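Q: my questions concern the predicted model and sequence given below.
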Amino acid sequence: MGNSIGQTPKMPRRGEFTARVADQIHLGDGNNSLLLALAGQPADCLAQAKAGQFIQVACRDLNDFRQTDPLLRRPFSIAGISKNYQQLRPHSDAKPAGFEGLFLEIIYRVLGPGTAWLSRQKAGDSINLLGPLGNGFSLPGDPNEKVILIGGGVGLPPLYFLADQLSQAGFTNLLGFAGARTKSHFETAANLAKLPSDPLIPAAVLEPFARSKTDAILATEDRSIGFPGSIVQALEMFLQKRSDWNQARIYTCGPKGMLKAVADLARRHNLAGQVCMENYMSCGIGLCQSCVVAVKTAAAEPDGTAGKYKLVCSNGPVFDMEKIIWD
Amino acid sequence: MGNSIGQTPKMPRRGEFTARVADQIHLGDGNNSLLLALAGQPADCLAQAKAGQFIQVACRDLNDFRQTDPLLRRPFSIAGISKNYQQLRPHSDAKPAGFEGLFLEIIYRVLGPGTAWLSRQKAGDSINLLGPLGNGFSLPGDPNEKVILIGGGVGLPPLYFLADQLSQAGFTNLLGFAGARTKSHFETAANLAKLPSDPLIPAAVLEPFARSKTDAILATEDRSIGFPGSIVQALEMFLQKRSDWNQARIYTCGPKGMLKAVADLARRHNLAGQVCMENYMSCGIGLCQSCVVAVKTAAAEPDGTAGKYKLVCSNGPVFDMEKIIWD
Amino acid sequence: MEPFNQPDLSVHLGKVQLANPVLTASGTCGYSMELRDFVDLTRLGGFITKSITLEPRPGNPPQRTCETHSGMLNAIGLANVGLELFCEEKIPLLQRLPVPVFVNVAGKTIEEYVAVASRLYGLEPVRGLELNVSCPNVREGGMTFGKDPRLLAELVRAVRKACPDTLLIVKLTPNVTDITLLARAAVDAGADVLSLVNTFTGMAIDIETRKPVLGNRVGGLSGPAIKPIALYLVHQVYQAVAKPAGIPLIGLGGITCSHDALEFILAGATAVSVGTAVLVRPSCLVQIIDGIQTYLIRYRCKKVTEIIGSLQ
Amino acid sequence: MEPFNQPDLSVHLGKVQLANPVLTASGTCGYSMELRDFVDLTRLGGFITKSITLEPRPGNPPQRTCETHSGMLNAIGLANVGLELFCEEKIPLLQRLPVPVFVNVAGKTIEEYVAVASRLYGLEPVRGLELNVSCPNVREGGMTFGKDPRLLAELVRAVRKACPDTLLIVKLTPNVTDITLLARAAVDAGADVLSLVNTFTGMAIDIETRKPVLGNRVGGLSGPAIKPIALYLVHQVYQAVAKPAGIPLIGLGGITCSHDALEFILAGATAVSVGTAVLVRPSCLVQIIDGIQTYLIRYRCKKVTEIIGSLQ
Ligand SMILES: Cc1cc2nc3c(=O)[nH]c(=O)nc-3n(C[C@H](O)[C@H](O)[C@H](O)COP(=O)(O)OP(=O)(O)OC[C@H]3O[C@@H](n4cnc5c(N)ncnc54)[C@H](O)[C@@H]3O)c2cc1C
Ligand SMILES: Cc1cc2nc3c(=O)[nH]c(=O)nc-3n(C[C@H](O)[C@H](O)[C@H](O)COP(=O)(O)OP(=O)(O)OC[C@H]3O[C@@H](n4cnc5c(N)ncnc54)[C@H](O)[C@@H]3O)c2cc1C
Ligand SMILES: Cc1cc2nc3c(=O)[nH]c(=O)nc-3n(C[C@H](O)[C@H](O)[C@H](O)COP(=O)(O)O)c2cc1C
Ligand SMILES: Cc1cc2nc3c(=O)[nH]c(=O)nc-3n(C[C@H](O)[C@H](O)[C@H](O)COP(=O)(O)O)c2cc1C
Ligand code: FES
Ligand code: FES
């Protein structure tokens, strides 16, 4: 199934693969979860992927040379990887027939032609991808450390995957902060029955966090559910109330405004953390130099980014929070 | 369902419509039959369509302005029109639920990006079309006249529709000549059990002709079924044997080489007839002047084609055979 | 008075007022009657005809067009009925169109342009002339004029002299090193309006026959593929020539939706023409008008003229 | 001896032999190591690096690229590590590549071009230099050289003098009225090979912010959208300059598959470069090589050189 071209015999770090759609389910608010199946040995490098890494998905049939619009691939964070279908689809009874090997989940929001195309793909259809790309989150050294995962909208998927990996690495003090525009974003993923009356009390409300025993706090900007306001405000208020979390490590992903607010909060509270950046990408693999972000560094870098720019696709997408120049 | 923009209140001659896919079935040899459903009054002008007319089909979602490849519409002959589903799908038990109004059939071969897209459309999907376009065949004045319908490959569909219309107009001496590369072209449409041992004896072998009581003679170039060779050779030999058909009117559609051979044969046998031309089209409605074919005329024409060129899309696609300059 | 919330879409091309900024492009919209079953032509800002030449022209040998990625090549070769038949048969039809009509004129020599322009001068319903000095597909398409500022100025002066108060639009070719030189030459010689761009010279090869796909070997590229280049050229001409000289521009090249049209307007186009997209979906013309209106309402603009050239 | 049915794909760019006609394009393939997980680089005909300038360049402010219909705009601004770091860190990596390497050189002044070229002259594994005189995105991109035949000749002569027997490739811009004038100037001044085309200057506007999408306001258009124009320019330069002068061409602009590559070869390109398509799918490079081979077998050609410029 998977194929990668021009690989050296040893296990490749990453490559080009043809995945098959195992299933696709509609979440709330125009979001879909797409489960890709990859069979065969070449997919092994994807099994090693770290949370924060992403894949570049061709949102058209690359073998049809007569159709080249939309031209470029689209980047999506890996939302989960497992050889066990049930782990990624806890509510499904059985694995869809005919799919073996590795399952890789992406969660995306339908915005333009690329995601519209993705949303039309059905079980059994082929999808070409490059991955795993970029550098993932680095986990804290001590599994007893408290960890806060804070994300907004389509910034949440890499944090779900991070919670999986932290949990597998023995971390138990995990707390998710999930923000969205409105409650329908959480429609299928949240167990609203478990929602505590005080929105700042963590609970096992959000399924993709709950699967790795991570309680969560929700916030919606239209105040329709959870904390009324931005998820960063929620974190701010939470930290004021809960001094036991004042040393927590912070991992975040989401829209740029949110990331900046989180970085700001972390600086004020003297918390260390990492941010998973998004940026406009044309290649995702360090070829085009599109995806630069300004970082606090002076000297020219050997990787082709001279001076203040770093490539989100290759040097990131995960960066230490305090390194980013937020403008 | 159907909508046409900027129409005068009286019934429009033609327009832009949004049809829904009622069903799509695979015929042999990479050919598909697509049944479109059009509801509501605007579709009335399509109900008036004549055999030989065609529609221009957008083989992408025209409302997604971010995706413009393949850019141009694709022309397809109308293969059948009916308010009665069963007439176009005699072998289906019941009309698919949810489709009312007019059914329009096209039969096409998957060749490039446009037809590949079409082949992926499923029941319920929307397809935008312009039609009915061009001028159809003109029927002989006397319903007792003998009529030969000779076509090759994807040139057959307009002849199926013509047989329907001739039959409805009371013609009974109809004979179909159907050529293809190989027998799989006729896979689902032919009733091979009824195939006579002498391939030049007409029989009710081809379903879309048989539905209008038109016997047919088949030919395949790879000699896998029917007359071994080209369908024009088959007609030539048939006319030699059957002098009773020596006054027949001829209607033809197919690849250019075949049309030229038919026109040649008609000239030699002194038979009158019409040819339905195909040509590379960019608009299908007389705007771009792409689709010219050389015709025997000297003076400049008021329709924008000066001198020797006529527009296949607007002056045709049906022309009197002897008018075409075959080069 | 416009009703509340209905922005004023009207614009002026010189002394001619258009109800809205959306025009047809020359050569893709015939003489208007071809379109009427598919789009409400009374909604248009204006109509620009296919190029008219002094003598009728059969056009180039087929294949005349060919699809490319998000675009198409054409080498029609200015096929048209010629001036006399145009006046006789098309003008009466165009008279029924309740929107301003502009006739696109092409020729081999200055004399030919002048002959056609003089004949059309003052003829109802012709509200202006668009000089095609940029057809890449025939030697007679005026491309020599379109690439040489001195020749272009000579041509424009001659037509201006023959038609002193007609609205004179000059349609520029993009196939030049510096389009602003041509724009300036046309304006200095008396053009009232510039339209840009015509097609880009291009080619496609059939690798099986090893021959060019088009009968004419080369053709002009149009459609969404060229939009970024066309938009840049409109921006450049607006900044360097049109804005300082107070000359309105008609922007075109790859427009398929109101989003595209608005990009051209923000870049400095007073009006836009739609060519290739009309071949695909005539009703896009009306959708573009409606989309511009929706945009203006969304941003609470009272008039479309507020946003012309408002790119920051 | 080639085994039966295996056509000879090798071509010569001057004295440098390539195993096949497929090269990377400058600026879309990094310094090669970025690609190795996705494509077998040993299969390539040759490798052309990102443009190198004398000093390191951070490049333009983001947003630096933007997708368009079947194409993309880029305004990277020649971001690169600069000559010294290139020699120190990239050259050793390029040495491991078992295919001919060509370094693309850009500069503001003739002196800068000469300084970079002289430093690279004779350095292993550099088999030739490609002069970028056509970057639309920075004033220092050499575009002034690329548009003026006299300046271009001066530049080429200076580099030729500094590097007497290096393979000298000059990469032309398509943004000119008559590309053959530039081609001829480069050849007369000592270019061994011409490569064409670089990107077309273009623009995209965000209608919500009313600002250009790109930080640099304008950028260069590449990808399938431009293929018909690029192909025509290669055809034109081949007929007017390259064929009579016996100079090989590297054709590029929108190539994504072997079909596209073959069109360029039939039009007169001895080799082709692939840019934007590599950003999408690095393995297309190998698919293009294989596709050319299949085509030659299908038409029973013994050598790819048989079909170069064989357009009828
Ligand atoms: C490292 C990374 C990880 C991402 N992970 C996810 C994810 O897990 N789930 C998800 O829904 N989205 C994710 N995104 C964003 C996703 O790539 C875009 O939503 C998608 O490309 C939109 O494509 P489209 O064709 O549907 O819409 P388009 O019409 O192309 O774009 C819609 C909007 O998205 C922006 N956009 C377009 N292309 C990109 C791009 N390549 N990078 C960033 N923004 C873009 C456009 O500027 C526009 O505003 C990620 C982006 C990056 C860079
Ligand atoms: C009046 C008319 C009626 C037609 N009726 C039928 C029909 O009933 N069934 C059917 O299968 N086909 C029919 N065709 C042909 C059909 O339009 C083409 O097969 C189709 O456009 C191919 O599109 P594509 O994107 O799949 O392939 P492409 O890759 O675009 O084309 C594949 C081949 O078809 C040729 N072609 C492409 N576009 C056109 C075009 N607009 N007109 C003619 N040839 C073209 C190309 O030159 C190429 O050789 C008809 C054509 C015309 C002009
Ligand atoms: C089929 C076709 C025919 C054309 N004929 C003419 C013409 O006769 N005169 C002219 O000035 N421009 C002609 N053009 C150019 C268009 O008016 C327009 O400048 C160009 O196509 C770019 O706009 P578009 O991308 O919207 O099509 C023609 C274009 C096409 C596609
Ligand atoms: C992201 C990007 C960066 C580029 N950088 C350079 C460069 O540094 N030097 C150069 O000569 N050309 C550069 N180019 C131009 C390409 O080499 C090529 O000429 C152009 O993109 C057309 O080919 P394509 O359509 O195959 O991409 C760049 C193109 C792109 C898309
Ligand atoms: S997206 Fe191309 S270098 Fe990062
Ligand atoms: S296809 Fe455009 S005029 Fe016939």
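A: Happy to help now that I have it. Ligands and ions are numbered 1, 2, ... in the order given.
Q: surely C:L83 touches C:L54?
A: Yes - using CB atoms under 8 Å, C:L83 makes contact with C:L54 at a distance of 5.3 Å. All C-beta atoms are positioned from the backbone trio N, CA, C, and that covers glycine.
Q: find residues that contact each of those two.
A: Contact with both C:L83 and C:L54 is made by residues C:115-116, according to CB atoms under 8 Å, 6 or more residues apart in numbering or on different chains.
Q: tell me the spacing between C:A277 and chain A.
A: To chain A, C:A277 is 14 Å away according to CB to the nearest CB, to the nearest Å.
Q: quick one, what contacts the nearest residue to that residue once chain neighbours are set aside?
A: Leaving aside its sequence neighbours, C:A277 sits nearest to C:T256 (CB to CB, 6 or more residues apart in numbering or on different chains; 4.0 Å). C:T256 makes contacts with B:65, B:68, C:224, C:274, C:276-277, C:280, C:284, as judged by CB under 8 Å, 6+ apart.
Q: one more pass at 10 Å, please.
A: B:62, B:65, B:68, B:71, C:70, C:223-224, C:227, C:274, C:276-278, C:280-281, C:284, C:287-288, D:69 (CB atoms under 10 Å, 6 or more residues apart in numbering or on different chains).
Q: repeat for A:E236
A: Contacts of A:E236 by CB under 10 Å, 6+ apart are A:229-230, A:261-262, A:264-265, A:268-269.
Q: in which helix or strand would I find A:V21?
A: Applying DSSP states H and E as the criterion places A:V21 in strand A:15-26.
Q: elements contacting that strand?
A: Using 3 or more CB pairs under 10 Å, 6 or more residues apart in numbering or on different chains; DSSP states H and E, the elements in contact with strand A:15-26 are strand A:31-38, helix A:44-47, strand A:54-57, helix A:85-88, strand A:102-109, helix A:113-119, strand A:126-133.
Q: buried residues, it. List them.
A: For strand A:15-26, burial by neighbour count (16 or more other CB atoms under 10 Å in any protein chain shown) applies to A:15-24.
Q: on that earlier part again, for chain B, which of the helices and strands packed on strand A:15-26 is the nearest?
A: helix A:113-119 (4.1 Å; CB to the nearest CB).
Q: just the CA coordinates for the closest one, please, in PDB.
A: Included here for helix A:113-119 are C-alpha records, laid out as PDB according to Å, rounded to 0.1, in the frame of the first residue of the first chain:
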ATOM      1  CA  PRO A 113     -10.900  23.700  -2.100                       C
ATOM      2  CA  GLY A 114      -8.300  21.400  -0.400                       C
ATOM      3  CA  THR A 115     -10.400  20.500   2.600                       C
ATOM      4  CA  ALA A 116     -13.500  20.400   0.500                       C
ATOM      5  CA  TRP A 117     -11.900  17.800  -1.600                       C
ATOM      6  CA  LEU A 118     -10.800  15.900   1.500                       C
ATOM      7  CA  SER A 119     -14.300  15.900   2.900                       C
END
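Q: who touches it?
A: A:21, A:24, A:26, A:30-32, A:34, A:57-61, A:69-76, A:106, A:108-110, A:125, A:127, A:154, B:61, B:64-68, D:67.
Q: PyMOL command to pick out the buried ones of these?
A: To isolate the buried members of the contacts of helix A:113-119 in PyMOL, using 16+ other CB under 10 Å:
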select buried, (chain A and resi 21+24+31+32+34+57+58+59+60+61+69+70+71+72+73+74+75+76+106+108+110+127+154) or (chain B and resi 61+65+66+67+68) or (chain D and resi 67)
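Q: what's the mean pLDDT across stretch C:221-237?
A: Averaged over stretch C:221-237, pLDDT sits at 98.
Q: what of stretch A:123-141?
A: On average, stretch A:123-141 scores 94.
Q: try stretch C:154-172
A: Here the average pLDDT along stretch C:154-172 is 95.
Q: what do you get for stretch C:85-96?
A: 94.
Q: please apply the same query to stretch C:41-51.
A: 96.
Q: list the buried residues for it?
A: C:41, C:43-51.
Q: do stretch A:28-46 as well
A: A:29, A:31-39, A:42-43, A:45-46.
Q: what about the nearest residue to C:A79 once chain neighbours are set aside, distance to C:N104?
A: Counting by CB to CB, 6+ apart, C:G59 is the residue found nearest to C:A79 once chain neighbours are left out, at 2.7 Å. From C:G59 over to C:N104 the distance is 15 Å, taken as CB to CB, to the nearest Å.
Q: neighbour-wise, which of those two wins?
A: When neighbours are counted by other CB atoms under 10 Å in any protein chain shown, C:G59 and C:N104 differ, and C:G59 comes out ahead with 25 against 22.
Q: quick one: neighbours of the closest residue to C:P248 other than its chain neighbours, just the number.
A: Distance criterion CB to CB, 6+ apart; nearest residue to C:P248, sequence neighbours excluded, is C:T270 at 3.7 Å. When counting by other CB under 10 Å, one arrives at 24 neighbours for C:T270.
Q: pretty sure C:T270 contacts C:G251?
A: Yes - between C:T270 and C:G251 there is a contact under CB atoms under 10 Å: 8.4 Å.
Q: any residues in contact with both of these two?
A: Taking CB under 10 Å, 6+ apart as the criterion, C:T270 and C:G251 both touch C:21, C:238, C:264.
Q: what residues are up against the last one?
A: Think C:F264. Here C:F264 is in contact with C:21, C:196, C:227, C:230-231, C:234-235, C:238, C:249-255, C:270-273, C:308, D:205 (CB under 10 Å, 6+ apart).
Q: among these, which are in helices?
A: Among those, the members found in helices (DSSP state H) are C:227, C:230-231, C:234-235.
Q: let's see if you can find the most crowded of the residues you listed.
A: Going by other CB under 10 Å, C:V234 tops those with 32 neighbours.
Q: low-confidence ranges in chain C?
A: C:1-4, C:135-143 (pLDDT under 70).
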